[in-house]
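Q: Next come a sequence and a model predicted from it.
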Amino acid sequence: MPAALTVVLAALTTCASAYLAHLVSLAHANVLAAVPVGAALVGSASALGVVAAIRLTHNHDTASFRIFAQVGGVTAYAGAVLLDYLAYRTRVGAGDGFDLLAVLDYLRLLVSQAAAAISAQMPAQIPLPAPAALWLGMVRLLVEILAAGVSTGWTISYLTGVPFCWKNRRFYELRHLVESANQAAVREWETAIHQRRPLEARALLARVRAGRVQRSDRTWMRIVIHQCPICQAARVRIERCRRIPLGGAVVESAQEMGFDAARGAALLAT
């Protein structure tokens, strides 16, 4: 269910963002000829489908969701460029079928436009050699592709409520996502965390992991730990999950705990 919903919603938003980016010439809209705002917006729009799937399935920002969103962001950017190329073929009156020369001409046009935009930002008394301008144009296109992929992660983090570390200026990362049918072990782990017993908490977390959720289990517990990769500040969520008909699940928040850098590093180290 989550996988199918993710594929459908991500495909819809990827196609829509590529088409809209083509209509408004968004893919190569940069600020100061280098900041890829347009490509970032394309990637963010394509990630909305994955965000919707995470929300609808009561899931969290796992690596699979993020990789799928990044692929969608780059695909949306490539789709916008492809639609721009088809419009370019119509404008120059190219024939039907695949024409390698037309593709190369369009790529050369993209690089030259990127190079011209960067050259326009340089002081007039500092001429930019043609080879350097060519390389800078290619680098700018590469930065746009990276921006389309990276912006998807920021979009997922912001729209799914991932904490942001203002000290280090980055979102927390999903450190642990553990689902367990051993509810007693989860409660003992929660008590150990509250009482600041890190060694016991780590041992209990192994017991929690061992209580794998089976298809026959109607209820189970979920532990979700987000942590800043630099200062180790963390947020812990404990959720109750319950199966409902048609393969769905209801998720209720049971406990939420926030830890500063010192407590997070001590209690959640693995």
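A: Good, I have the coordinates.

Q: hey, where'd the strands end up in the stretch 151-270 of the chain?
A: 164-165, 170-171, 173-180, 219-227, 234-244, 248-259 (DSSP state E, counting those that start in this stretch).

Q: give the contact list for the residue nearest the centre of the chain.
A: The structure's the chain has its C-alpha centroid closest to residue 153; by C-alpha atoms, centre = their mean the separation is 2.2 Å. By C-beta atoms under 8 Å, 6 or more residues apart in numbering, the contact set of residue 153 is 66, 69-70, 171. C-betas here are computed from N, CA, C, even on glycine.

Q: so which two of those residues are the farthest from each other?
A: 70 and 171 (14.8 Å; C-beta to C-beta).

Q: any idea how far residue 152 is from residue 83?
A: Between residue 152 and residue 83 the computed distance is 20 Å (C-beta to C-beta, to the nearest Å).

Q: Give me the more crowded residue out of those two.
A: residue 152 (32 against 16; other C-beta atoms under 10 Å).

Q: pretty sure the more buried one is in contact with residue 66, am I right?
A: Yes - look at residue 152 against residue 66 with C-beta atoms under 8 Å: they come within range, at 7.3 Å.

Q: Pull out the buried residues from stretch 250-269.
A: For stretch 250-269, a neighbour-count test (16 or more other C-beta atoms under 10 Å) marks 259, 261, 263-265, 267-268 as buried.

Q: Touching both of residue 152 and residue 66, which residues are there?
A: residue 50.

Q: CA atoms of the lowest-mean-pLDDT helix or strand in the chain as PDB?
A: The helix or strand of the chain with the poorest confidence is helix 261-267; it has a mean of 81 (mean pLDDT, DSSP states H and E). Taking C-alpha atoms only, helix 261-267 is exported to PDB below (Å, rounded to 0.1, in the frame of the first residue of the first chain):
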ATOM      1  CA  ALA A 261      22.900  18.000  22.800                       C
ATOM      2  CA  ALA A 262      24.500  16.600  26.000                       C
ATOM      3  CA  ARG A 263      21.600  14.300  26.800                       C
ATOM      4  CA  GLY A 264      21.000  13.300  23.200                       C
ATOM      5  CA  ALA A 265      24.600  12.200  22.800                       C
ATOM      6  CA  ALA A 266      24.700  10.300  26.000                       C
ATOM      7  CA  LEU A 267      21.300   8.500  25.800                       C
END
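
Q: From residue 173, how far out is residue 63?
A: 10 Å.

Q: Neighbour count: those two, which is higher?
A: Neighbour count, other C-beta under 10 Å: between residue 63 and residue 173, residue 173 has more, with 14 against 9.

Q: what stretches of the stretch 101-250 of the chain score poorly on pLDDT?
A: 247 (pLDDT under 70).

Q: count of neighbours near residue 230?
A: Residue 230 has 12 neighbours, counted by other C-beta under 10 Å.

Q: And for it, nearest residue in space, chain neighbours not counted?
A: Leaving aside its chain neighbours, residue 230 sits nearest to residue 168 (4.4 Å; criterion: C-beta to C-beta, 6 or more residues apart in numbering).

Q: go on, residue 196?
A: In space, residue 196 is closest to residue 267, 6.6 Å off (C-beta to C-beta, 6+ apart).

Q: Isn't the one you found up against residue 201?
A: Yes - here residue 267 lies in contact with residue 201, judged by C-beta under 8 Å, at a distance of 6.1 Å.

Q: anything in contact with each of these two?
A: Shared contacts of residue 267 and residue 201, defined by C-beta under 8 Å, 6+ apart, are found at residue 193.

Q: Put together TSV for the strands of the stretch 151-270 of the chain, with distance to residue 56 on each row.
A: Shown next, in TSV, are the strands of the stretch 151-270 of the chain (distance: least, C-beta to C-beta, whole Å):
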stretch	distance to residue 56
strand 164-165	24
strand 170-171	21
strand 173-180	17
strand 219-227	16
strand 234-244	13
strand 248-259	9
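
Q: To residue 91, which of these lies closest?
A: Comparing the strands of the stretch 151-270 of the chain by C-beta to C-beta, strand 170-171 comes nearest, at 41.9 Å.
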